[in-house]
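Visitor: Sequence isn't available, so here's the structure alone:
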């Protein structure tokens, strides 16, 4: 069961991108001191570069999908996770950026916390374990507007997407497949909600999973309209 907001009408974790888009080249990462550069981008959410209000970017919801964002809010105990592959030689990670919005928040970020865990397997499956982080410590070092809105029309500004930097210390990963699992908190009344990877013309975008306290379990992050699994940008 997915907990989501639907439409009724770091070094990043670019080696081995799952998805490619012209918009990715316009996103400028913010690095922590001594950062060595971007390692990985899990996929885009900008569908209309400069196509939003006043020349802003836009993440346009495309039918039959109806989910604006997936719940990953501390107040409700919901979490999101997605997988990533580390190539031969391994990585040292000093930051991870994850994305969310609070409806009607305006363009000044209302996000106050990010907690994050790295797993050596898919969360909720037999043998998978947390190898870095925890589900309570706030490790957010910065939060700011991404210059992108999420919605079902190119004029709607209700959902400004925030870029949230999680500072990482002491994380070295050998070659293999891992999962990043995270959760947000904020001061506005709505959620926070996490927009999925969004690619024009592509309705199913990944293999993200969601933990909800309703189901008390991890399950696929499924769009409410299409029923198809989505990925999460990070």
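Guide: Done, it's in. What you see is a predicted model; the values in this text were computed from it and never measured.
Visitor: For the rest of this, base every contact and every neighbour count on C-alpha atoms.
Guide: Will do.
Visitor: partner residues bridging residue 171?
Guide: Going by DSSP bridges, residue 171 is paired in beta bridges with residue 93.
Visitor: surely it meets residue 93?
Guide: Yes: counting by CA atoms under 8 Å, residue 171 does reach residue 93; the two are 5.7 Å apart.
Visitor: now the strands for this protein?
Guide: 4-6, 57-60, 67-71, 79-86, 91-100, 111-119, 130-133, 140-151, 160-173, 176-186, 193-194, 209-212, 217-220 (DSSP state E).
Visitor: Relative to residue 46, which of the ones you listed is closest?
Guide: strand 57-60 (4.6 Å; CA to CA).
Visitor: which strands and helices sit next to that closest one?
Guide: strand 140-151 (3 or more CA pairs under 8 Å, 6 or more residues apart in numbering; DSSP states H and E).
Visitor: starting at the chain centroid, how far to the strand it packs on?
Guide: 11 Å (CA atoms, centre = their mean, to the nearest Å).
Visitor: do stretch 190-203 as well
Guide: Worked out by CA atoms, centre = their mean, stretch 190-203 lies 9 Å from the chain centre.
Visitor: Need the residues that contact it.
Guide: Identification of contacts with stretch 190-203 by CA atoms under 8 Å, 6 or more residues apart in numbering yields 4-5, 43-47, 59-62, 64-65, 68-73, 99-103, 111, 150, 161, 184-186, 205-206, 226, 228, 230-233.
Visitor: ok, back up a step: more neighbours, residue 171 and residue 93?
Guide: Shown here are residue 171 and residue 93; by other CA atoms under 10 Å, residue 93 has more neighbours (22 against 14).
Visitor: picking that back up, need the buried ones from the contacts of stretch 190-203 selected in ChimeraX.
Guide: Selecting the buried subset of the contacts of stretch 190-203 in ChimeraX, with 16 or more other CA atoms under 10 Å as the burial test, is done by:
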select :4,5,43,44,45,46,47,59,60,61,62,65,68,69,70,71,72,73,99,100,101,102,103,111,150,161,184,185,186,205,206,228,230,231,232,233
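Visitor: dump the residue contacts of the residue lying farthest from the centre of the chain.
Guide: Distance from the centre of the chain peaks at residue 89, with 25.6 Å (CA atoms, centre = their mean). Contacts for residue 89 (CA under 8 Å, 6+ apart) come out as 174, 175.
Visitor: So it versus residue 131, what's the distance?
Guide: Here the criterion is CA to CA, to the nearest Å. By it, residue 89 lies 19 Å from residue 131.
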